[in-house]
Every structure is written in C-alpha cells, then in structure tokens.
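Peer 1: sequence plus the predicted model coming up.
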Amino acid sequence: MAPIVGIDLGTTNSLVAVLEDGGPRVLPDPETGARLLPSAVAFQPDGTVVVGERARALEAVQPLDTILSVKRFMGLGFEHVTAEDRARYRFVEGAEGSVRFEAGGRAVTPPEVSAHVLRELKRRAEAVLGEAVTQAVITVPAYFNDSQRQATRDAGRLAGLEVLRLVNEPTAASLAYGLDKQDEGVVAVYDLGGGTFDISILRLHGGVFEVLATSGDTRLGGDDFDERLAGLVLADVDEAERSAPAVRAVARAVAERAKRGLSDAVGAEVVVTLPSGRTVRRTVGRDEFETLVRDLVERTAGPCRQALRDAGLRPEDVREVVAVGGSTRVPLVRRQIETIFHRPPLVDIDPDEVVALGAGIQAGILAGGRRDMLLLDVVPLSLGIETMGGVFTRLIDRNTTIPASVKETFTTAVDNQTSVDVHVLQGERELASDNRSLARFKIPIAQLPAGVPRLEVTFLIDANGILSVTATDLRTGRAHSVDVKPSYGLTEEEIERMLEESIDYAEEDVRQRQVREARVEADMILHATRDSLAREGTLLAEEESARIRAAVAALERAREGEDYVAMRDAVEALSQETEPFARRIMDRSLQEALANRRLEEL
Amino acid sequence: MEAATTVRRECRKCGTDAGPALVCPRCQTVQPLAPGADLFAVLGLPRGLALDAAGLERRYLAASRAVHPDRHQTASEVDRELSLAASAAVNRAYRTLRDPIARGRYWLELHGTGLADGGSSVPADVAADVFATQEKLEELRVATDAGERTELRHDVEGLRAGFAARLGGLRDGLVAAYAGREPGLDDLRRRLAEIAYLGTLLGDIDDAIGEGSDGTDRRH
C-alpha cells in the first residue's frame, strides 16, 4: 500500500516524515541531504516558481516576489493585512475580500503558495520512497481557526495530496515524545515556532493522548524576534534606505543568524551592506537581545495560564513540559517556560523535527499501523451563531473534544419567510462582530406563518477541527444539504481551475525542472557578479577581471541553452573565478556585497 | 414515543446481534446509534445520577478507541460517517456526565424540565450576596485612589474566596445527594439554581478583577 506521509507545514521551514517499522523518520532531500525545506516560494516573471533554499536566497534580490511566512496569511481576509505586512509584500484584494499576493507579475492566493511547498515535499518523499505519494497528514497550529484549517486543506488538494487529517502541532509533538514511554499523567507542550505560538495541556493514559485544553497566538513567533533585531541594526539608517524591501530582507536574514548565535554566545556581530555601499556594523549582546524581545516572550504566559485554567489544573499538576519549535532554543524562552511551569522543559527531540515525526506517527495510526495509540483533540475556539441584536450565542465551547456536534432549532420571525439566514462565527467575545466570521448561509424553508416552521440545524466539527452543517425541516422530515463556503476561502470552482492550471507543475518532467532551476541559479550569480564588478571592480587586476568576464560570458551562453549540466558547470566555473574576489571584498568588511551567494551559504 | 430501546439489533455488515453496542462485537463495524438512546446509553451505562468517575473514564476511553474516526479511516464512506456521528455522541456523553452539575442539568432535561421551570426564585441569602457584590464591584470600577483600590480589591477577593468555598460545598453536597437516595426533581433544581447563581457571581468578580489588574499594570 502506498505510504501516507506526515507533513509539518511550518511558517519558516517544512518537513516530511513517514512511520517505518523502527519508528518515524524524516525524509531528506535525496540530492542535498537537507531535512528542513525553507517554506519560501519565489515567483519569477517568466512563470518559473522556485521553492526552498534557493527561493530563500532569492529574497535579497526579489524581496517582493519571494514569499516567506505564507502561513501567516492562510485563511485571512484582505482586511486583516497589516501595515507591516504591506511593507513586505504587494497585496491585492481577491474575490469577497480574500487575500492575494502580487508576485512575479501574477496574483496568487496563500493556499497556492503553500501548495508549492507541499508539492516539493511530495516530490522529495516520492524520490526517497520510490513510489507515488497521494495521501498525507498535515499539521496546523492548534490555535488555527476553521478558515485557516480549510485553507491548509485546500493547499494540500492543490498539491495533489488527499489530506486525510489535519493534526494540531503540539499534539503531534506529544505523540513523538510519548511513543516509547507508555506514560500516564499530565504533559504540557509549549510550541513556539517561526510564526505561531501554541500551548496544549494533555493527559496521557494507556496510549490515549487526550488534549484537555489548548490556547495560543497565531501571530507570534521567532520571525518577530528577527524583525525586532533587524530594526535595531537599521535604527541609524535613514528612513528611505531602511524601508527598502531588499534592505529589510538582508537585515532580517542577518538578524536571524545573529539570533541563532546568541543562543550559545553572549554576543554577536551583525553586518549589513546597504545599496549605497555603506556598511552598518553592530554588536549585539545577549542581554540587549533579551531586552528587545522580552515583551514578545512574555506574551506566551497568558495563553499558558488560560490553558491551565481551562484544564482545571495548576502548574504543579503538570508532570512534564515539552519544548517544541526552533524558537525554544532561545535561552530567554526556556527561562520563561520554567517561570510558568516551575520546571525546565524537556528538549530530548530536535525541536525542529518533533512535529513532523509526530505527523508521521499519526499517518501510521490512520493507516492502521499503530492501533495502540489514539489522539483525542479539542476545538481551540468556541463556535456559535449570531442571534438577535448581534449577540454571539455559543453552541460549542472551546476545548470541547472533537468530533463534536450540536443541534439547534430555528424558526421564522415573519410570515411567509422563504429562508433562514445563519451566520456562524468562532471566538470568545460577547458580540458577534468581535469574533471571526466563518460562514454565512441561507437554508430554504416552506412559506408558513411566523414561528410555525421548525428547522433543526446540526453543526458538526470533525476530527480535523473543520465545521460542516446539515439541516432538517422537522415538519416534513426533509434534509437540506448546506454548502458552507468559508469566509475568504476558495470556492470549489476556484480549486478546480487552480488544479487545472497546476497540472503543468505536476507533470513537468524532472529535466525541465532541472533546467528551470539551473537557470535561476545562473541568474543569481550573474546578478551578484555584475553588481560586485560595478561596485568593487577596482579591487581586481586586469587579468583577473578578464577571466571573470570570460566566465560570465560562458555562463550567459549556457543559460540560453537547455543543457542544465552545462549550465551548472558554468555556474561552478564562475563561482571559482570569483571566489578570491569575493574574499577580498569580505576582507574589506563588505560582506554583503555578494548578497545572493552569501545568503545561500547561511 | 417508543419507551423500550431495542433488545436485538443485527450488525448491518455481518448480521451478528450487536444489541445496543456502538460497534459490532464480532466485526468492529460502527452501528447507527440506537434510536432514542440517551447519553447514559451511549456509554453503555444504566440511567442514574450516581456515577463513579474512574469507571466513567474507562468506558469513555474504550468507546473512543472503538468508534473514533482515526480507527475507521480506511473504511467506506458510510462507515466513516457513522464513526464521526458515534464519536461526537460519545464525546458529548462524557463531557456532560463527568461533571456533576452538567449531569444534573441533563437529568432535568431528560425528565422534561429545566432550571427555570417550577417557579424557583432566587434564594433570599443569594440575592443579598449578589446585591452586595455588585455594589462592591461598582465601587471598585469607579475608584481612582490607589489606596482605596487596594482595599476594595482586598474586600472583593475576600468575597470571592467565600463564594468559591460555598460553591465547592454545594458541589460536594450534590455529589453526596447523587450517591444517596436519588434527589427529587424539585430538590435537584433548587441545588442547581443556587450553584448557577454562585457561578455567575464568581464570573463577574473574575472579570472585574481581571480588568482592574490590567488597568493598574498599564498605569505603572
């Protein structure tokens, strides 16, 4: 039987894993051996789409066409796009207030962008496993609402994957931790990733992983740390230069590296070269970094307390705290965990891989391979409907175990009303308008005097945390199917059309893809080299300069052809020729002059 | 309406008598919920207010293992839909029955009545508490002097502790009543109404104190 894969579709990085006899295994890129795939997608003007490490490197050259952190925009409306977001990408409003990125000269939806990452992981899994992969378990932040979950499932479909289950990330992580130990007791999973924060409190008993409560913040993560640090480094640069997307992109990349360094060292040097040629240099101490991000880290305490309260537990009742997500490597974050739960977190499993490993296990459970384990998860936000006067009436409380269903009876307010309007929302606030709108729909009803019709509507949240609705006319016993189109979501027709368009990607042969990628690589180094020659050409001896120009010309010729091996060789040759040059530039502390190449090496 | 549920129900797949079970004892196929089954029946329990927590949890976990959609992923669409419905029913049954207060309310519902029925008015002492508490909360809301605020907060927290203790006592009393001779509907309604009032009062206090502390934090 074809394997079901488990996918961690992360804000910063994504991974794919499967459950094998010996346990779950992350599947690496067969060529490079890399286990993490950067969740970066670059849209080229010629229609080429670059994914992963190369796309991340392209951010410095094409910051507006390279989408990083697409996960932050999944299931969101155009109205939710912030000024900060606008400083980073170009947005256009899609149908019914949905979000589209304008990248590489076209408008793309967040699920389409995510689908490129998923397609790459699918290819990777197929290459390693040697068979077609069509079914997957995909993880989502526990605190994702219905729209965000639907958008993730749509992304899977667009990538040619049947999404058998959406699993909450902290819950998946607990599976990976609980696999070998048949533990009993309460465990907390603190998951701070690149863009989202989740806290889940679980009770483990006899192989059953029962989530008691979950909370979080879908817009809080390590990316925010990078943004703050980048801001600090660029503080003295004048506004116009500082706000250029390319400058911000380079500053963020450099800040991210410095942040990692600060997890082990007490200081790090950050160097950014501006387009004007000016170099900004800043030494950042760990203390300074911690002051800079302290309020962000402290923001995780509120959801933790909320989850404990909802579970009816005190910190002392928690036997173990598991740290998940790359951001839990930051010492300040670990101290925060200890402050909240009065014990240091468990970090036995690589925090970058644990969610994917758990997704692999869940895939195995669904395939019938692990009948000893069972996950019982909860819905993170209360679900309800808008009632008279714009009041939010709760039907399913947050932290209710899923699947969950509730029946509600509706009638009419005026004579001969032809339909009943239902507005479904998710959230904790008293007023409907303060909560997230999930869907609006009309259910047809027989024309009768007011108050006579009786319509029973069943709201069902399935094991993925996704809502479906059915209605029955109690007078006639007739059932109505209710088509719930999520607010800001894709319609069935849109998905069909996108699937047709994406057949190009799916059926593109390997050679074609290699050619496209080699061409992108060629463009990157050509761009960097021309740039450096223009700026730093005086550093070169005549003879050296001539050799580099010859290599550039050779690559330009190869680039026009279809032979990707020749293209790669020419890239390599040029890279060899420019290496001493690049080193000299670096010696002059202009480390970012060859930004593309340097970023790729990060 | 039919009073008796069913004695014999054949498994829709293999024909074995599955009785009121959620899954066929022979082939594990999920069965449609027995018509008219109440939440006790869903978990295979006799109808009764007295329930042992550990036993209830065991039943819940066993039922979840049997019907959860993760266990029927590879089955037909009909099987998966039945698994989804059965799983939702099992979850609802456990959520309702494990909590003595929710269980009591459901008991009233099963007997065709509710908290508001039977003309039960607010007990006099509870009404007085509600009034006194709302007054204190209002004072706290308008107070600006730091010293006065601290004092009022202290008072409110004292009230809160008292109510919480009383609520705990009422809850214990409820559980004891379930275990002894089953309480009559009027008695049950009276107990649950008092618990509901206290619960609302505690909620109001928490909202007020929560907002107060945030405001104070922001000012300093």
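Peer 2: Looks like it came in fine.
Peer 1: alpha carbons only for contacts and neighbour counts from here, please
Peer 2: Will do.
Peer 1: kindly report the residues of the stretch 201-350 of chain A close to chain B.
Peer 2: Contact residues (C-alpha under 8 Å from any C-alpha of the partner chain) of the stretch 201-350 of chain A with chain B: A:V208.
Peer 1: which positions in the stretch 51-200 of chain A make contact with chain B?
Peer 2: Counting by C-alpha under 8 Å from any C-alpha, the stretch 51-200 of chain A sits next to chain B at A:L164.
Peer 1: surely A:M498 touches A:R157?
Peer 2: No. Applying C-alpha atoms under 8 Å, one finds A:M498 not in contact with A:R157, separated by 10.0 Å.
Peer 1: neighbour count: those two, which is higher?
Peer 2: More neighbours surround A:R157 than the other of A:M498 and A:R157, with 22 against 14 (other C-alpha atoms under 10 Å in any protein chain shown).
Peer 1: looks to me like the more buried one is in a strand.
Peer 2: No. Counting by DSSP: H, G, I helix; E, B strand; the rest coil, A:R157 is not part of a strand but helix.
Peer 1: from what I can see it touches A:L164, true?
Peer 2: No. The pair A:R157 / A:L164 is not scored as a contact, 10.6 Å apart, by C-alpha under 8 Å.
Peer 1: quick one: contacts for the residue of chain B found nearest chain A?
Peer 2: Proximity of chain B to chain A (C-alpha to the nearest C-alpha) peaks at B:A88, 4.5 Å away. By C-alpha atoms under 8 Å, 6 or more residues apart in numbering or on different chains, the residues touching B:A88 are A:402-405.
Peer 1: among those, which one has the most neighbours?
Peer 2: A:P403 (29 neighbours).
Peer 1: what sits against it?
Peer 2: Contacts of A:P403 by C-alpha under 8 Å, 6+ apart are A:460-463, A:465, B:84-85, B:87-88, B:91.
Peer 1: the residue of chain B closest to chain A - that's part of a strand, no?
Peer 2: No. Applying three-state DSSP, one finds B:A88 to be helix, outside a strand.
Peer 1: what about B:A146, neighbour count?
Peer 2: 10.
Peer 1: tell me the pLDDT at it?
Peer 2: What the model reports for B:A146 is a pLDDT of 86.
Peer 1: for the residue lying closest to A:A323 once chain neighbours are set aside, helix, strand, or coil?
Peer 2: Distances taken as C-alpha to C-alpha, 6 or more residues apart in numbering or on different chains place A:Y190 nearest to A:A323, at 5.2 Å, with adjacent residues excluded. Here A:Y190 is recorded as strand under three-state DSSP.
Peer 1: returning to that earlier point: now the contacts of B:A88 in JSON lines, with pLDDT and secondary structure?
Peer 2: Listed next are those as JSON lines, based on pLDDT from 0 to 100; DSSP: H, G, I helix; E, B strand; the rest coil:
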{"residue": "A:I402", "pLDDT": "94", "secondary structure": "coil"}
{"residue": "A:P403", "pLDDT": "96", "secondary structure": "coil"}
{"residue": "A:A404", "pLDDT": "96", "secondary structure": "strand"}
{"residue": "A:S405", "pLDDT": "95", "secondary structure": "strand"}
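Peer 1: check these and tell me the two furthest apart.
Peer 2: A:I402 and A:S405 (8.4 Å; C-alpha to C-alpha).
Peer 1: what touches both of the two?
Peer 2: A:461, B:88.
Peer 1: for A:K407, grab phi and psi.
Peer 2: The phi/psi pair for A:K407 (degrees, to the nearest 10) reads phi -110, psi 140.
Peer 1: what pLDDT does it get?
Peer 2: Looking at A:K407, its pLDDT is 91.
Peer 1: for the contacts of A:P403, which one is nearest A:R314?
Peer 2: The closest of these to A:R314 turns out to be B:N91 (C-alpha to C-alpha; 24.3 Å).
Peer 1: and for the residue nearest to the closest one when sequence neighbours are not counted, the neighbour number?
Peer 2: Nearest non-adjacent residue to B:N91, counting by C-alpha to C-alpha, 6+ apart: A:T401, 6.2 Å away. Around A:T401 there are 28 other residues, counting by other C-alpha under 10 Å.
Peer 1: where do the helices sit along chain B?
Peer 2: B:39-42, B:53-67, B:77-97, B:100-110, B:124-142, B:146-179, B:185-219 (DSSP state H).
Peer 1: how does chain B divide up, domain by domain?
Peer 2: Domain assignment of chain B by automatic domain parsing yields the ranges B:1-98, B:117-219.
Peer 1: which stretch among those domains comes nearest A:F101?
Peer 2: Taking C-alpha to C-alpha, domain B:1-98 is the member of the domains of chain B nearest to A:F101, at 35.7 Å.
Peer 1: for whatever helix or strand A:R584 lives in, the averaged confidence score.
Peer 2: Counting by DSSP states H and E, the element that carries A:R584 is helix A:564-587. For helix A:564-587, the mean per-residue pLDDT is 80.
Peer 1: quick one: that helix to chain centroid distance?
Peer 2: 33 Å (C-alpha atoms, centre = their mean, to the nearest Å).
Peer 1: need the residues that contact it.
Peer 2: A:514-515, A:518-519, A:521-522, A:525, A:529, A:536, A:539-540, A:547-548, A:551-552, A:554-555, A:558-559, A:591-594.
Peer 1: repeat that for stretch A:280-287.
Peer 2: Under C-alpha under 8 Å, 6+ apart, the answer for stretch A:280-287 is A:233-234, A:262, A:265-274.
Peer 1: redo that, cut-off 10 Å
Peer 2: Stretch A:280-287 has contacts (C-alpha atoms under 10 Å, 6 or more residues apart in numbering or on different chains) with A:229, A:232-237, A:251, A:255, A:258-259, A:261-274, A:291-292, A:331-332, A:589-590.
Peer 1: can you list the residues of the stretch 451-600 of chain A near chain B?
Peer 2: Residues of the stretch 451-600 of chain A that fall close to chain B, judged by C-alpha under 10 Å from any C-alpha of the partner chain: A:460-463.
Peer 1: quick revisit: might one say that the residue nearest to B:N91 is in contact with A:L460?
Peer 2: No. Here A:T401 does not reach A:L460: they are 11.8 Å apart, not a contact under C-alpha atoms under 10 Å.
Peer 1: got a list of what the closest residue to A:V378 other than its chain neighbours touches?
Peer 2: Computed as C-alpha to C-alpha, 6+ apart, the closest residue to A:V378 that is not its neighbour in sequence is A:T401, at 4.2 Å. Contacts for A:T401 (C-alpha under 10 Å, 6+ apart) come out as A:210-213, A:376-380, A:461-463, A:465, B:87-88, B:90-92, B:94-95.
Peer 1: go on, A:F101?
Peer 2: Contact analysis of A:F101 by C-alpha under 10 Å, 6+ apart lists A:64-67, A:70, A:73, A:89-94, A:107-110, A:113.
Peer 1: now do the contacts for the residue of chain B positioned farthest from its centre.
Peer 2: In chain B, B:D145 marks the outermost C-alpha relative to the chain mean, sitting 41.3 Å out by C-alpha atoms, centre = their mean. With C-alpha under 10 Å, 6+ apart as the criterion, no residue contacts B:D145.
Peer 1: ok, A:L36 to chain B distance?
Peer 2: According to C-alpha to the nearest C-alpha, to the nearest Å, A:L36 and chain B sit 28 Å apart.
Peer 1: next, count neighbours for A:L64.
Peer 2: The burial count for A:L64: 23, using other C-alpha under 10 Å.
Peer 1: for the closest residue to it other than its chain neighbours, give me phi and psi.
Peer 2: Counting by C-alpha to C-alpha, 6+ apart, A:Y89 is the residue found nearest to A:L64 once chain neighbours are left out, at 5.1 Å. Dihedral pair for A:Y89: phi -130, psi 170, per degrees, to the nearest 10.
Peer 1: is it true that A:Y89 touches A:A107?
Peer 2: No. Using C-alpha under 10 Å, A:Y89 is not in contact with A:A107; the gap is 11.8 Å.
Peer 1: quick one: buried residues of stretch B:174-193?
Peer 2: Using 16 or more other C-alpha atoms under 10 Å in any protein chain shown as the test for burial, stretch B:174-193 gives B:174-175, B:177-178, B:183, B:185, B:188-193.
Peer 1: no further questions, thank you.
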